[in-house]
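Asks: Prediction below, plus the sequence it came from.
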Amino acid sequence: MIRKVLTYPDPVLKKASKDVEVFDSKLHLLLDDMYETMIAENGIGLAAIQIGVDLNVLIINIPQEEDGVQIKENLIEAINPQIIKKEGTTVYKEGCLSIPEYYEEVNRAEKIEIVFKDRFGNDKSISTDSLLAIAFQHEMDHLKGMLFVERLPMLKRRKFEKEWKKKSRENKKF
Ligand code: Y12
Ligand code: CO
């Protein structure tokens, strides 16, 4: 089922998520709904809190480098993820389904090592320095209740707030 993606400044997006303790069919249904929602909204990553569920659950589906096609075989489902190593820095112009039509450069670690559990509770780990590293850091921020605009320098953040308020006022007219 496609769920509603919460958008900035919904206060639920500021909530810190909790670890999953039971890897049951309810979790599998949540993951399936998250995938359906992310694809329907043309996203490449989604955290459970973006659909209002405060659990440490995220999904990422990076499009293939060769043809830009997003295939389900490349879907990563990460439960209770933890970054155990960070190296270097990189900048990427990020976007978020909770802040539609806004993109801005954010500084992140270049290379990370993550441990997490899959939908069955099996231990998994990934080491990456590609777009996946940026996506993991962006989605893991959501689990802490943080949005990428909170990582912007003060001036860019103020400009964003101004533009967002203007956009919200204009949308209310229709
Ligand atoms: C690198 C940087 C950030 C991430 C986190 C995941 N972000 C997304 O999946 C954002 C997707 C997105 C899609 C939108 O829809 C369309 O483009 C049709 C969108 O809406 C508009 O701009 C209208 C906004 C964001 C992963 C990797
Ligand atoms: Co996001």
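Replies: Looks like it arrived, so ask away. Ligands and ions are numbered 1, 2, ... in the order given.

Asks: partner strands of the lengthiest strand in the chain, parallel or antiparallel?
Replies: Ranked by residue count, the top strand of the chain under DSSP state E comes out as strand 76-87. Applying DSSP bridges to the sheet, strand 76-87 is found paired with strand 57-60 (antiparallel), strand 111-117 (antiparallel).

Asks: which of the ones you listed sits most buried?
Replies: Stretch with highest mean neighbour count among the strands paired with strand 76-87: strand 57-60 (a mean of 26; mean count of other C-beta atoms under 10 Å). Placement of C-beta: from N, CA and C, glycine included.

Asks: Show me the contact partners of it.
Replies: Applying C-beta atoms under 8 Å, 6 or more residues apart in numbering, the contact partners of strand 57-60 are 17, 20, 27, 30-31, 34-35, 38, 44-48, 75-79, 81, 132, 135-136, 139-140, 142-143.

Asks: Please narrow those residues to those residing in strands.
Replies: 45-47, 76-79, 81.

Asks: overlap between those and the residues near ligand 1?
Replies: Taking C-beta under 6 Å from any ligand atom as the test, ligand 1 is in contact with Gly45 out of these.

Asks: farthest-separated two in the ones in strands among the contacts of strand 57-60?
Replies: Gly45 and Ile79 (14.7 Å; C-beta to C-beta).

Asks: ok, longest helix in the chain?
Replies: If you go by DSSP state H, the chain has its longest helix at helix 154-172.

Asks: what sits up against that helix?
Replies: 8, 99, 101-102, 104, 149-150, 152.

Asks: hey, C-alpha coordinates of that helix in CSV?
Replies: Listed next in CSV are the C-alpha coordinates belonging to helix 154-172 (Å, rounded to 0.1, in the frame of the first residue of the first chain):
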residue,chain,number,x,y,z
MET,A,154,23.2,29.4,8.3
LEU,A,155,22.7,31.7,5.2
LYS,A,156,21.5,28.8,3.0
ARG,A,157,19.3,27.6,5.8
ARG,A,158,17.7,31.0,6.2
LYS,A,159,17.2,31.3,2.4
PHE,A,160,15.5,27.8,2.4
GLU,A,161,13.1,28.8,5.2
LYS,A,162,12.2,32.0,3.4
GLU,A,163,11.6,30.2,0.1
TRP,A,164,9.7,27.3,1.8
LYS,A,165,7.3,29.7,3.6
LYS,A,166,6.6,31.6,0.4
LYS,A,167,5.9,28.3,-1.4
SER,A,168,3.6,27.1,1.4
ARG,A,169,1.7,30.5,1.3
GLU,A,170,1.3,30.2,-2.5
ASN,A,171,0.1,26.6,-2.3
LYS,A,172,-2.6,27.5,0.2
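
Asks: This completes my enquiry, with thanks.
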